[in-house]
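*Asks:* Return a 3D structure for these sequence lines:
(one chain, ligands or ions: 1)
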Amino acid sequence: MTTWSDRAEAYRESPTHREGPDLDLVVEWCDPGEGVKALDVATGGGHVARRLREEGCVVVTLDPSPGMQADVLAGAESIPFEDGSFDVVVSRIAPHHFEGLEAALAEMARVSKRLVVIEDTLYSSDRHERAEKLRDPTHVRNYTEDEWRASLAGAGLEVERVERFEKTHPLEAWLARTGCEGADAEHVRELLADRMTDDGSAWTDTKIILRARRGDA
Ligand SMILES: C[S@@+](CC[C@H](N)C(=O)[O-])C[C@H]1O[C@@H](n2cnc3c(N)ncnc32)[C@H](O)[C@@H]1O
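*Replies:* A predicted model of the protein is given here:
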């Protein structure tokens with residue numbers, strides 16, 4: 001997890017992580033309010049946590065990378081809290097880094113009393129996957145909406161809302177955040193050619209946001 005610690009400042013400052021209509025909807029779907037207990041899994045730069053605290057929530061952040069300075073140093077696959085410890089458990093733009101998605105979702109469902117809210121990059125093609133892995137070797141996999149629905153159902157969660165957002169990433173900043181340069185950067189550019197803006201300065205992916213409820217809540 002030292003890779004992520006080295007990137008901590010870049011993710012704290014990243015405009016595409018810090019703000020956007022996708023972040024606004026994630027926060028809204030957490031049903032925030034005074035005293036609502038929330039767990040932000042893979043908090044990274046802490047943007048979801050910051051916004052939920054502004055709404056009065058009591059937030060605990062969790063991340064396995066020391067540089068992210070989370071409240072709890074742990075991976076999503078093994079969350080050190082009792083069953084039903086939080087009203088809502090949220091994870092934004094991170095599950096594509098989890099080695100064990102099913103284990104992570106089972107843990108997130110277990111420690112939630114009611115809601116699990118996820119935002120992640122939607123699978124679009126094998127070329128896109130190759131580009132993501134080359135740009136960032138910690139990338140495991142993006143998933144389709146059907147895969148998300150099946151995985152959440154497998155964790156005992158009922159999907160009640162789904163939304164998609166197009167997100168545009170300035171290319172140079174996106175490559176720089178993970179230290180991707182030279183021939184690798186050129187190859188990434190080629191692999192993403194079909195998703196690039198006309199002037200080649202940015203590319204677009206689709207984020208999926210899902211709100212799911214525990215079957216017994
Ligand atoms: C792109 S950042 C998260 C962005 C952040 N949630 C936001 O909204 O800006 C990805 C984070 O996932 C964390 N991570 C990687 N593997 C993980 C795992 N197995 N469990 C939990 N977090 C993990 C990394 O340490 C990193 O902080």
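*Asks:* only C-alpha atoms for contact and neighbour calcs from this point on.
*Replies:* Noted.
*Asks:* would you list every one of the strands in this protein?
*Replies:* 37-41, 58-62, 86-92, 112-121, 157-170, 202-214 (DSSP state E).
*Asks:* In the protein, what helix or strand scores lowest on average pLDDT?
*Replies:* Least confident helix or strand, the chain: helix 2-6 with a mean of 79, by mean pLDDT, DSSP states H and E.
*Asks:* Columns mean neighbour count on top of the strands of the chain, output as CSV?
*Replies:* Supplementary listing: these in CSV, determined by neighbours: other CA atoms under 10 Å:
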stretch, mean neighbour count
strand 37-41, 26
strand 58-62, 21
strand 86-92, 25
strand 112-121, 24
strand 157-170, 16
strand 202-214, 20
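*Asks:* May I see the ones you listed organised as a markdown table, with distance to the ligand and mean pLDDT added?
*Replies:* What follows is those, written out as a markdown table (distance: least, CA to the nearest ligand atom, whole Å; pLDDT from 0 to 100):
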| stretch | distance to the ligand | mean pLDDT |
| --- | --- | --- |
| strand 37-41 | 6 | 98 |
| strand 58-62 | 7 | 98 |
| strand 86-92 | 4 | 98 |
| strand 112-121 | 8 | 98 |
| strand 157-170 | 13 | 97 |
| strand 202-214 | 12 | 97 |
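*Asks:* Reformat those into TSV and put distance to residue 24 next to each item.
*Replies:* Formatted as TSV, these follow (distance: least, CA to CA, whole Å):
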stretch	distance to residue 24
strand 37-41	15
strand 58-62	17
strand 86-92	12
strand 112-121	11
strand 157-170	11
strand 202-214	11
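*Asks:* The least confident helix or strand of the chain vs the ligand: in contact?
*Replies:* Yes. Applying CA under 6 Å from any ligand atom, one finds that helix 2-6 is in contact with the ligand at residue 4.
*Asks:* Return the set of buried residues in that helix.
*Replies:* 4, 5, 6 (16 or more other CA atoms under 10 Å).
*Asks:* Among these, which one lies nearest to the ligand?
*Replies:* Comparing the buried residues of helix 2-6 against the ligand with CA to the nearest ligand atom places residue 4 closest, at 5.2 Å.
*Asks:* OK, contacts around residue 135?
*Replies:* 175, 178, 179, 180, 184, 185, 188 (CA atoms under 8 Å, 6 or more residues apart in numbering).
*Asks:* again, only using 6 Å
*Replies:* Residue 135 sits next to residue 180 when contact means CA atoms under 6 Å, 6 or more residues apart in numbering.
*Asks:* likewise residue 116?
*Replies:* 88, 89, 90, 212.
*Asks:* Turn those into TSV, columns for distance to residue 141.
*Replies:* Shown next, in TSV, are the contacts of residue 116 (distance: CA to CA, whole Å):
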residue	distance to residue 141
88	24
89	21
90	19
212	21
